[in-house]
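A.B. asks: whatever this is, show me its structure:
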Amino acid sequence: MTERSETPPPDTGVLEALQVYRAAETAMRRRTGAAMGIGENDFLALRLILDNAAEGRRTSAKDVSAYVGVSSASTTALIDRLVRGGFIERRTNDADRRSVDLVPTRAALGDTGPLVIAQEQIAAKAAELSEEDARTVTRFLTRMRETVDGISAERHANRPERP
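C.D. replies: I've put the predicted structure just below:
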């Protein structure tokens, strides 16, 4: 496995650099998930649950299903694997006793394993940006996310109903 540390030439373009980054990030998620004994969708779901918990937001199975893009049956199996792996717990929502929140375990929060190490390395590189560069990159990535979210929503809205 070789690491790509070279900067793409300016004529390559921003979108190609973004595609190369996305491919590298996907490969990193697979490696990190494999080191943790979980699949890519499980890794994505755990990342969502951890991020939401850090921001003080609740995460439900419906949130995971929408984020990962899988059926409710697949989401249940995914959540079961994360529970069995000791990464999350199901807790009854205090405000609405009928709903269940997905909460990271102490082991997931305190883990010094591959997930935290990867996050720390990425954060260290981001911290090297100047304030101006960080604002520019943040604006660009926010616009890209909004565009991608809009495309997804538009395609879903235009999908013919199934009988």
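A.B. asks: Three-state assignment for the closest residue to residue 137 other than its chain neighbours, please.
C.D. replies: Counting by Cβ to Cβ, 6 or more residues apart in numbering, residue 137 lies nearest to residue 129, which is 6.7 Å off, once chain neighbours are set aside. Any C-beta I mention is one placed from the backbone N, CA and C, and that applies to glycine too. In three-state terms, and counting by DSSP: H, G, I helix; E, B strand; the rest coil, residue 129 is coil.
A.B. asks: count the residues that sit near residue 129.
C.D. replies: Per other Cβ atoms under 10 Å, the neighbour tally for residue 129 reads 13.
A.B. asks: hmm, who's touching the worst-scoring helix or strand of the chain on mean pLDDT?
C.D. replies: Here the helix or strand of the chain ranked lowest by mean pLDDT, DSSP states H and E is helix 106-110, holding a mean of 75. By Cβ atoms under 8 Å, 6 or more residues apart in numbering, the residues outside helix 106-110 that reach it are 46, 50, 53, 86, 87, 88.
A.B. asks: now, which of those lie within helices?
C.D. replies: 46, 50, 53 (DSSP state H).
A.B. asks: now the last one: how far from residue 46?
C.D. replies: When you say that, I think you mean residue 53. From residue 53 across to residue 46, the span is 10 Å (Cβ to Cβ, to the nearest Å).
A.B. asks: who wins on neighbours among the ones in helices among the contacts of helix 106-110?
C.D. replies: residue 46 (24 neighbours).
A.B. asks: skipping its backbone neighbours, what lies nearest residue 39 in space?
C.D. replies: Per Cβ to Cβ, 6+ apart, closest to residue 39 is residue 33, 5.9 Å.
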